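Asker: Dropping the sequence and predicted coords here.
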Amino acid sequence: MKALSNSSDRYLQFFRITKYNPQFRNKQGAYKHEEWTSVYDIGKKFKGVEFTFDEYKHFEDAYIQAIFKIMDINMIENFIVEELEKYDFNPYPDFATNTEKYYKNLRNNQIILKDELPIFFRLILREIIWCKFSNKLMVVHIGYDYNMYIGSAKSITHKLKEIMRLGLYVEQMKSPYI
């Protein structure tokens with residue numbers, strides 16, 4: 001099966017969707033405030049306050065909700081896995097009992113159905129795997145420092161306020177993983 005995410009001309013819009021307020025980025029795009037950037041920061045202190053799993057999970061859920069809002073616009077029911085990298089499996093207590101089975105069976109070019117996608121998005125956000133998800137209408141790349149990039153074949157402008165109400169920021173930007 002041919003990889004789809006290499007051709008960026010099929011997507012009308014690209015966005016970086018993150019928890020980071022863009023007003024705190026410098027001209028090169030680097031974020032200048034000290035904030036958590038990984039699930040591995042749970043338990044550390046930021047601005048004198050301990051970062052908790054509950055706070056982490058709030059943003060993880062918001063990222064997944066944002067993806068699904070854009071999937072709904074594009075009427076997407078599945079994605080293809082590309083450029084898969086697997087790291088050590090860490091069985092977080094909130095994982096479903098079958099999560100490790102999904103992790104072990106995941107392969108490049110595999111089609112992932114919509115109802116299974118939250119498991120894989122959590123695996124990426126928790127740095128257990130990395131991959132690109134794509135199809136003809138949309139790409140999702142979740143990269144370094146909790147940055148998420150989405151390309152959409154259909155306009156998502158009318159959904160941006162909903163995504164921002166999740167506590168996320170949306171910037172028009174092409175994925176560096178294209």
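Answerer: Looks like it arrived, so ask away. Numbers count the residues shown, from 1 in each chain.

Asker: could you measure Asp54 against Gly167, distance?
Answerer: With the distance defined as Cβ to Cβ, to the nearest Å, Asp54 ends up 14 Å from Gly167. From N, CA and C alone the C-beta is placed, and that goes for glycine too.

Asker: Between these two, which has more neighbouring residues?
Answerer: Gly167 (12 against 8; other Cβ atoms under 10 Å).

Asker: gap between Tyr103 and Ile17?
Answerer: In terms of Cβ to Cβ, Tyr103 sits 24 Å off from Ile17.

Asker: The two: which is more packed in?
Answerer: A side-by-side neighbour count of Tyr103 and Ile17, using other Cβ under 10 Å, places Ile17 first with 26 against 19.

Asker: tell me the contacts of the residue nearest in space to the middle of the chain?
Answerer: The chain has Ile142 as the residue nearest its centroid, 4.0 Å off, counting by Cα atoms, centre = their mean. By Cβ atoms under 8 Å, 6 or more residues apart in numbering, the contact set of Ile142 is Tyr63, Phe121, Ile124, Leu125, Trp130, Met148, Tyr149.

Asker: Spit out the contact partners of the third one.
Answerer: Going back to what we said before, that points to Ile124. Here Ile124 is in contact with Trp130, Cys131, Ile142 (criterion: Cβ under 8 Å, 6+ apart).

Asker: before we move on, back to that, partners of the host helix or strand of the residue nearest to the centre of the chain, with directions?
Answerer: Assigned by DSSP states H and E, Ile142 belongs to strand 138-143. If you go by DSSP bridges, strand 138-143 pairs up with strand 129-134 (antiparallel), strand 147-152 (antiparallel).

Asker: beta partners of the residue nearest to the centre of the chain?
Answerer: Met148.

Asker: How about Pro91: what's its closest non-neighbour residue?
Answerer: Glu100 (6.4 Å; Cβ to Cβ, 6 or more residues apart in numbering).

Asker: And that neighbour, how close does it get to Asn78?
Answerer: Taken as Cβ to Cβ, the span from Glu100 to Asn78 is 22 Å.

Asker: hmm, who's touching the top strand by length along the chain?
Answerer: Longest strand in the chain, counting residues (DSSP state E): strand 78-86. Here strand 78-86 makes contact (Cβ under 8 Å, 6+ apart) with 1, 3-5, 103, 106-114, 117, 120, 128-135, 138, 140.

Asker: Glu34: neighbour count?
Answerer: What Glu34 shows, counting by other Cβ under 10 Å, is a neighbour count of 8.
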